[in-house]
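Enquirer: Show me how the following folds:
(one chain, ligands or ions: 2)
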Amino acid sequence: MIEATNFIEQIINEDIDAGKVTAIQTRFPPEPNGYLHIGHAKSMFVNFGIAQKYGGKCNLFFDDTNPSKEKTEFVDAIRGDIRWMGYEWAKECYASDFFDVIYDCAARLIKEGKAFVCDLSAEEIKNLRGTLTEPGKESPYRNRSAEENLRLFTEMREGKYADGEKCLRAKIDMSSPNLNMRDPVIYRILHATHHRTGDAWCVYPMYDFAHPICDYLQGVTHSLCTLEFEDHRPLYDWVGVSLGFSPKPRQIEFARLNVTNTVMSKRYLKKLVEENLVHGWDDARMPTITGLRNRGIPAEAIRDFCSRVGVAKANSECEYSYFEACVREYLNANAERAMAVFSPLKLTITNYEGSEEVDFEINQTKEGAGVRKVKFSKNLYIESSDFSLDPPPKYFRLKKEGYVRLKNAYIVRCDDVLLDENGNAKEVLCTYIPESRSGSDTSGIKVKGVIHWVDAETAADVTVKQYQSLLRDADYAGQDFNERFNAESEKIFTAKAEPYLAEAKEGTPFQLMRTGYYKKSEENGAAVLSEIVSLKDNFNKK
Ligand code: ATP
Ligand code: MG
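Expert: Ligands and ions are numbered 1, 2, ... in the order given. Next up is the predicted model:
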């Protein structure tokens, strides 16, 4: 027996125990109407993860019953994103592969008096549907004969009617306490070109009807979906039972992944793209899988996050900082260290001549990662924020007549400061202590501050991109996403970096000492360092 780690696995174990299932099959069911986002990562984690754990199969099932919004571009992107996440599907299929069978299923229901063609408009159907406290009213078309229904349904398919003029409804129960069971629409007329079936069809099944059929035809044993489908389960079961499915797939709902300051509605993400508020679906600030990849976030960290959030029955919202912590943890263990100076201030060592190479630890958390050589000379850049003309008490970085260690190199003393016309420091003049070399320090001088630097002569000019979340805090200006949009969420400037960074392979993540995790990339031949995640949790700092 496989040990269950969540309620879905418990149910599966019970089903196996009871002899209801032997081989487990799931499916990941995106609608190809947009790009996958981090919420889908959880669905993938659940569907692919459970299939893997039980030695079963998980299909990639494209839920393409809504031709007006679906595109092949999205199908291709979804495939790429799933593979990048590290999952492989058993079979790829589409609801549209089954349109013939679904149509036949509908015809069967009609023949058995379980479905009828209704002439009411969508508006009228809604008005007769009743409420949670009041039963609905039956459609005047509910008692058409099977023959008439079949004829009308055939005519619907033949294109005799305009969109919305008729629809096919399941004949269930207008007084059911569950609104989804009040004669739900199962087929609609839609004269639209489908991205795969072209103009072959002008009637399309509704999700609630197509999904249970497609699950069954694929051999899905457990149809795992998010909580908003819980109220649809009676209909899912009704379809299965009415069509005599055996064994009938079992739908189990779990909580959606919600993350603070992140919108996961494809509709909103699409709007951001279409209104050019972001650079595209893969904008590094987007919560899409392609955006996260472009940001430099490793797939392992996303999977780890999903696993830690867990699979629960109750909805909740997860802090974005928790996601960042998972990313940070992974990068801390895996990313190489390097140095870059974002706001350069010249530091000149007046008693140093020539140059040398100092050892720089590649990743101190990783055994055997080793060291790399970094050039050190008399002309360096340090961060302007690491020097203060007017230091507060307990200031351990550089100040006049103060000492500081240059990371992996020497202790220096600041002797003098040159100011610009505004009275700001433009160059600090230091002397170094020759006996203080890192690794063989015999100087006896104790310093509290260690600062990073780059060699001025060999430093590369790089473009830095820093990000904030696309959405301001929920209390910023109300709940409306448009008002919360953070137009200043991308900051671009140039900086000085070790040449090693400029030469690094595209896509490599680095921990820039004392700064954060950045991804190396190139744009028009120039080196770019873009922020993956800050070094420390500063999410709540304003
Ligand atoms: P959206 O509302 O953003 O359009 P969707 O649910 O319509 O999302 P689908 O492509 O239909 O998107 O989703 C594919 C699968 O991913 C579904 O089973 C859905 O339940 C699941 N899913 C979508 N969003 C989340 C989420 N935030 N957390 C967990 N699972 C999700
Ligand atoms: Mg959907």
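
Enquirer: What number of residues are in the vicinity of the residue in the stretch 51-200 of the chain positioned nearest to ligand 1?
Expert: Among all residues of the stretch 51-200 of the chain, residue 63 sits closest to ligand 1, at 5.9 Å; criterion: CB to the nearest ligand atom. Every C-beta, even on glycine, is put in place using the N, C-alpha and C of the backbone. Neighbour count for residue 63, taken as other CB atoms under 10 Å: 19.

Enquirer: Please tell me how far it sits from residue 27.
Expert: 9 Å (CB to CB, to the nearest Å).

Enquirer: need the helices for the chain, in chain order.
Expert: Secondary structure of the chain, counting by DSSP state H: helices at 7-17, 38-53, 72-84, 99-111, 122-128, 146-158, 207-218, 233-242, 266-274, 289-295, 299-309, 320-334, 481-484, 499-503.

Enquirer: And the ones you listed, which one averages the lowest pLDDT?
Expert: Lowest mean pLDDT within those: helix 481-484, at a mean of 74.

Enquirer: count of neighbours near the closest residue to ligand 1 within the chain?
Expert: Using CB to the nearest ligand atom, the closest approach of the chain to ligand 1 is made by residue 39 at 2.2 Å. Applying other CB under 10 Å, we find 20 residues neighbouring residue 39.

Enquirer: Same question for residue 131.
Expert: When counting by other CB under 10 Å, one arrives at 8 neighbours for residue 131.

Enquirer: And for the one 5 residues further on?
Expert: Summarising burial for residue 136: neighbours were counted as other CB under 10 Å, giving 20.

Enquirer: Same question for residue 319.
Expert: By the measure other CB under 10 Å, the count of residues near residue 319 is 14.

Enquirer: Can you give me the buried ones in the helix or strand of the chain with the lowest mean pLDDT?
Expert: The weakest-scoring helix or strand in the chain, judged by mean pLDDT, DSSP states H and E, is helix 481-484 (a mean of 74). Neighbour-count burial for helix 481-484 flags residue 484 (criterion: 16 or more other CB atoms under 10 Å).

Enquirer: from the chain's centre, how far out does it sit?
Expert: Distance of helix 481-484 from its chain centroid, counting by CA atoms, centre = their mean, to the nearest Å, is 20 Å.

Enquirer: Repeat that for stretch 501-519.
Expert: 21 Å.

Enquirer: just stretch 520-540 next, same as before
Expert: 18 Å.

Enquirer: Which residue comes closest to the residue lying farthest from the centre of the chain once chain neighbours are left out?
Expert: Centroid-distance maximum for the chain: residue 351 at 52.2 Å, with CA atoms, centre = their mean. Take residue 351 and drop its neighbours on the chain: the residue closest to it by CB to CB, 6 or more residues apart in numbering is residue 431, 4.6 Å away.

Enquirer: Give me the pLDDT for the residue of the stretch 51-200 of the chain closest to ligand 1.
Expert: At residue 63, the pLDDT value in this model is 97.

Enquirer: so it makes contact with residue 207?
Expert: Yes: under the criterion of CB atoms under 8 Å, residue 63 makes contact with residue 207 at 6.7 Å.

Enquirer: wouldn't residue 508 be in contact with residue 517 here?
Expert: No: Residue 508 lies out of contact with residue 517 (CB under 8 Å); the separation is 11.1 Å.

Enquirer: Settle it for me: which of those two has more neighbours?
Expert: Using other CB under 10 Å as the criterion, residue 508 and residue 517 rank with residue 517 on top: 22 against 15.

Enquirer: Check the gap between that one and residue 509 for me.
Expert: Using CB to CB, residue 517 is found at 6 Å from residue 509.

Enquirer: so what's in contact with the two at the same time?
Expert: Common contacts of residue 517 and residue 509 (CB atoms under 8 Å, 6 or more residues apart in numbering): 296, 331, 335, 532.

Enquirer: among these, which are in strands?
Expert: residue 532 (DSSP state E).

Enquirer: between the shared contacts of residue 517 and residue 509, which is nearest residue 220?
Expert: Set against residue 220, the nearest of these by CB to CB is residue 296 (35.2 Å).

Enquirer: Quick check: chain neighbours aside, which residue is closest to that closest one?
Expert: Per CB to CB, 6+ apart, closest to residue 296 is residue 519, 3.1 Å.

Enquirer: For residue 263, give me phi and psi.
Expert: When read as degrees, to the nearest 10, the backbone of residue 263 gives phi -100, psi 130.

Enquirer: List the buried residues of stretch 315-323.
Expert: Residues of stretch 315-323 classed as buried by neighbour count (16+ other CB under 10 Å): 318, 320-321, 323.

Enquirer: Which ones, among those residues, also lie beside ligand 1?
Expert: Applying CB under 6 Å from any ligand atom to the buried residues of stretch 315-323, one finds that nothing falls near ligand 1.

Enquirer: what sits against residue 162?
Expert: 189, 191.

Enquirer: And it, its phi and psi?
Expert: The phi/psi pair for residue 162 (degrees, to the nearest 10) is phi -80, psi 160.

Enquirer: State the distance from it to residue 396.
Expert: For residue 162 relative to residue 396 (CB to CB), the value is 76 Å.

Enquirer: and what of residue 145?
Expert: Look at residue 145 and residue 396: by CB to CB, they are 89 Å apart.

Enquirer: and the residue farthest from the centre of the chain, backbone torsions?
Expert: phi -100, psi 20.

Enquirer: Make 480 the first number, not 1, from now on.
Expert: All set: I'll call the first residue 480, so the last point we hit is now residue 830.

Enquirer: per-residue pLDDT, it?
Expert: Residue 830 carries a pLDDT score of 98 in this model.
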